[in-house]
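1. Here is the input, now give the coordinates:
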Amino acid sequence: MENNIRKILIIRLSAIGDTIHTLPLAYSLRQSFPDTVIDWVVEDKAAGFIVNNPLLNRVYVIDKKNKLKSYFEIIKKIRKEHYDIVIDVQQLLKSAVIMGFSNAKRKITQDGGREFSFIFSNEIIKTGRKLFDINYHVVKRNLDIAKYLGCKDCGIKFIIPDFSNIISDKVKDIIQNIDKSKKTILLAPATTWKNKHWTNEGWQELINEFKDNCNIIITASGKEKELINQIISGFSSNNIINLAGLTSLADLTYIFQNVDIVISPDSGSAHIAWASGAKSVITLFFATSAERTAPFGDNYYSFSAQIACSPCMSKHCRLKTSQNQCCKEINSKEIINIVKKVLQ
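-> Here you go, the predicted structure:
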């Protein structure tokens with residue numbers, strides 16, 4: 001293992017799930033190079049688990065409202081630091097340019113990147129895999145960088161900031177006063193891609209199955225309130241705790257740590273639950289690949305749409321007929337059976 005590395009910079013700008021998937025790399029670097037300065041560049045919308053992270057010394061946050069100005073101001077600051085190593089984990093043009101202008105001795109990336117990002121590096125790790133390889137987990141891909149640098153094998157470990165002082169009192173009260181005689185199921189139905197969504201009927205069948213014998217919590221961003229209202233229409237408010245639009249990232253980590261099971265499509269919520277150490281997670285995959293991004297471990301389960309064109313890894317369905325057909329291909333009975341197994 002190299003022992004002359006003074007400063008390392010990680011570039012992983014977005015999104016929340018992708019930054020979470022890079023945390024095991026940061027952990028491995030920190031364990032192998034305990035005295036090395038390890039910094040990170042991230043965009044503000046994905047900064048929640050990076051800022052104040054104990055693994056890191058400094059975090060550069062790109063302000064997306066003033067993106068171009070912020071981008072070049074950060075590059076100027078980075079150039080003055082003279083990093084020994086800069087690692088482009090994102091492997092797109094916007095991240096590679098930062099690496100290219102970084103003044104670093106070693107500019108490291110992996111093969112398979114997009115948008116000619118490789119031209120900004122001077123070391124390319126040969127993996128023989130594309131950036132979006134649907135059969136290779138992205139966490140393992142990121143840890144291949146640690147292996148290349150001679151890091152010891154630390155397994156897969158997520159370290160997140162201490163959010164204990166910023167969890168809302170309302171959320172604490174809800175969780176602390178929930179009926180402890182019942183198991184608690186959390187549903188996080190929303191995500192950014194339409195073709196990552198399960199059907200409303202699927203969620204409703206889950207609610208109907210467990211509403212009388214379990215506590216049911218629903219989380220989502222404020223933008224997804226309409227979707228959540230559609231899902232829970234027809235159910236008594238006494239059966240469901242609807243927290244759509246009422247939780248911060250800190251609140252979510254606290255909630256996920258204090259429920260019995262989290263059920264979500266491939267989304268930031270699923271990955272936050274994994275990083276937070278949720279007891280059990282079920283993740284649903286339609287347009288994207290479970291082999292690439294599913295949380296895994298004891299009591300962690302994933303279900304994939306059984307249809308020929310899935311996973312397409314596309315934000316927009318390519319079918320001219322049967323649009324988003326993959327979203328109908330997971331049967332709620334399968335999910336119900338796993339939930340019962342986990343909660344028994």
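
2. since we're on the closest residue in space to Gly268 that isn't next to it in sequence, how many residues are nearby?
-> Spatial nearest neighbour of Gly268, excluding adjacent residues (C-beta to C-beta, 6 or more residues apart in numbering): Ile16 at 4.2 Å. (Each C-beta comes from the backbone N, C-alpha and C, glycine too.) Neighbour count of Ile16, defined by other C-beta atoms under 10 Å: 21.

3. Which residues are in contact with Ile16?
-> Residues in contact with Ile16, defined by C-beta atoms under 8 Å, 6 or more residues apart in numbering, are 45-46, 48-49, 249, 268, 271-272.

4. From Thr192, how far off is it?
-> 10 Å (C-beta to C-beta, to the nearest Å).

5. The stretch 101-250 of the chain: helices as residue ranges?
-> Secondary structure of the stretch 101-250 of the chain by DSSP state H, counting those that start in this stretch: the helices cover 138-148, 169-176, 200-210, 225-232, 249-257.

6. Columns mean pLDDT and distance to Ser121 on top of those helices, output as JSON lines?
-> Listed next are the helices of the stretch 101-250 of the chain as JSON lines, based on pLDDT from 0 to 100; distance: least, C-beta to C-beta, whole Å:
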{"stretch": "helix 138-148", "mean pLDDT": "98", "distance to Ser121": "12"}
{"stretch": "helix 169-176", "mean pLDDT": "96", "distance to Ser121": "43"}
{"stretch": "helix 200-210", "mean pLDDT": "97", "distance to Ser121": "43"}
{"stretch": "helix 225-232", "mean pLDDT": "96", "distance to Ser121": "41"}
{"stretch": "helix 249-257", "mean pLDDT": "98", "distance to Ser121": "32"}
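
7. C-terminal to the longest helix along the chain, what's the next element?
-> Identified as the longest helix of the chain according to DSSP state H is helix 16-32. Following helix 16-32 in sequence order, the next helix or strand is strand 37-43 (DSSP states H and E).

8. neighbouring strands for that following strand, and are they parallel or not?
-> strand 7-11 (parallel), strand 58-62 (parallel) (DSSP bridges).

9. Distance to Ile20, mean neighbour count and mean pLDDT for these - can I get that in CSV?
-> Compiled in CSV, the strands paired with strand 37-43 are given as follows (distance: least, C-beta to C-beta, whole Å; neighbours: other C-beta atoms under 10 Å; pLDDT from 0 to 100):
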stretch, distance to Ile20, mean neighbour count, mean pLDDT
strand 7-11, 13, 24, 98
strand 58-62, 15, 18, 98
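
10. would TSV of these with distance to Ala104 be doable?
-> Below are the strands paired with strand 37-43 laid out as TSV (distance: least, C-beta to C-beta, whole Å):
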stretch	distance to Ala104
strand 7-11	7
strand 58-62	14
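
11. Nearest to Phe158, out of those strands?
-> Of all the strands paired with strand 37-43, it is strand 7-11 that lies closest to Phe158, at 14.8 Å by C-beta to C-beta.

12. about what we covered before: please identify the deepest-packed of the helices of the stretch 101-250 of the chain.
-> helix 249-257 (a mean of 21; mean count of other C-beta atoms under 10 Å).

13. Show residues contacting that one.
-> Outside helix 249-257, the residues within contact range by C-beta under 8 Å, 6+ apart are 16, 48-49, 160, 163, 166-168, 171-172, 175, 186, 217, 219, 243, 247, 262, 269, 272-273, 275-278.

14. And the chain, split by domain according to the record?
-> 7-148, 168-343 (automatic domain parsing).

15. Pull up the distance across the first one, start to finish.
-> Meaning domain 7-148. Terminal residues of domain 7-148 are spaced 17 Å apart (C-alpha to C-alpha, to the nearest Å).

16. for the last one, same thing?
-> Across domain 168-343, the terminal residues are separated by 28 Å (C-alpha to C-alpha).

17. hmm, back to that, okay if I get the helices of the stretch 101-250 of the chain as CSV plus distance to Arg12?
-> Listed next are the helices of the stretch 101-250 of the chain as CSV, based on distance: least, C-beta to C-beta, whole Å:
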stretch, distance to Arg12
helix 138-148, 8
helix 169-176, 28
helix 200-210, 31
helix 225-232, 29
helix 249-257, 17
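
18. how about these, which one is nearest Ser95?
-> helix 138-148 (13.3 Å).

19. Need the contact partners of the helix or strand encompassing Phe72.
-> Counting by DSSP H and E, the element that carries Phe72 is helix 67-81. Under the criterion C-beta under 8 Å, 6+ apart, residues 7, 9, 39, 41, 60, 62-64, 86, 94, 97-98, 101-103 lie in contact with helix 67-81.

20. So of the residues you listed, which two are at opposite extremes in space?
-> Spatial extent of the contacts of helix 67-81 (C-beta to C-beta) is set by the pair Lys7 and Lys64 at 26.0 Å.

21. what stretches of the chain score poorly on pLDDT?
-> Where the chain drops to pLDDT under 70, the residues are 1-3.

22. In contact with the most centrally placed residue in it: list those residues for me.
-> Nearest to the mean C-alpha position of the chain, by C-alpha atoms, centre = their mean, lies Gly17 at 1.8 Å. Gly17 is in contact with 267-268, 270-271, 293, counting by C-beta under 8 Å, 6+ apart.
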